[in-house]
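Trainee: Sequence first, then the predicted structure:
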Amino acid sequence: MGKLTTPQYIKNLLLPNTKSPQGRRVWSIDLETVWLPFFKATNAMGDTAIPVDALGCPIRLAYDKDGSVKFGKTGRPVTRVAKPLSDSVTLVRQNFVANLQQYAEEVATGKVDEYALVVEMAQKAGQPILSHDKAELDKAIQLQIEEAMRQAEPVAEPVAEPVAEPVAEPELVTVS
């Protein structure tokens with residue numbers, strides 16, 4: 001097998017980025033500054049055929065089944081991303097996941113020893129954290145059990161002494 005090198009697109013994913021988009025997000029990525037320019041570029045290159053109305057009006061009102069505008073619990077109208085855009089983002093996401101898996105598989109099989117070493121080091125480094133978290137969780141659960149037991153214990157209420165009811169003496173009836 002030839003020399004395995006990291007593709008530039010993978011290296012780019014690992015670079016820090018100080019920009020923090022603030023608009024509507026789709027798959028946690030800003031629609032206005034990332035998805036729309038990307039899909040306009042893919043349309044321009046002929047790689048996609050997303051309808052231009054979806055690119056021109058990506059946020060749409062949501063409608064109820066009866067055709068009326070849908071409102072949320074807060075009373076605001078509900079919006080949604082145009083279906084062609086949403087479907088395209090889903091496709092990119094699925095392909096992204098597949099590319100990450102493929103890359104990991106290539107490295108795991110192309111650099112077996114290096115990959116195995118990283119796996120072993122990660123497991124060793126994570127063990128103290130795992131042990132600490134387990135101990136803390138065990139303590140927290142024990143405290144919850146103790147609190148539940150305290151709340152479940154019946155409170156001993158003072159028992160009143162039974163009061164003897166006066167017994168009526170039988171009335172003597174005489175016959176005349």
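Mentor: Great, that's in hand. Residues are numbered from 1 along each chain as shown.
Trainee: what are the ranges of the helices in the protein?
Mentor: 8-13, 36-44, 52-56, 83-110, 112-152 (DSSP state H).
Trainee: Using JSON lines, please lay out those helices together with distance to Glu171.
Mentor: Bear in mind the C-beta positions are built from the backbone N, C-alpha and C, glycine included. Shown next, in JSON lines, are the helices of the chain (distance: least, CB to CB, whole Å):
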{"stretch": "helix 8-13", "distance to Glu171": "104"}
{"stretch": "helix 36-44", "distance to Glu171": "103"}
{"stretch": "helix 52-56", "distance to Glu171": "100"}
{"stretch": "helix 83-110", "distance to Glu171": "94"}
{"stretch": "helix 112-152", "distance to Glu171": "53"}
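Trainee: lowest-pLDDT helix or strand in this structure?
Mentor: Least confident helix or strand, the chain: helix 8-13 with a mean of 84, by mean pLDDT, DSSP states H and E.
Trainee: So which of the helices of the chain is nearest Ile29?
Mentor: Each of those has some distance to Ile29 by CB to CB; the shortest is helix 83-110, at 7.9 Å.
Trainee: still on that earlier bit, indicate which one of the helices of the chain is closest to Lys65.
Mentor: Of those, nearest to Lys65 by CB to CB is helix 83-110, at 16.2 Å.
Trainee: Now do the closest one against helix 112-152, angle only.
Mentor: Angle, helix 83-110 to helix 112-152, by axes from the mean of the first three to the mean of the last three CA atoms, to 10 degrees: 120 degrees.
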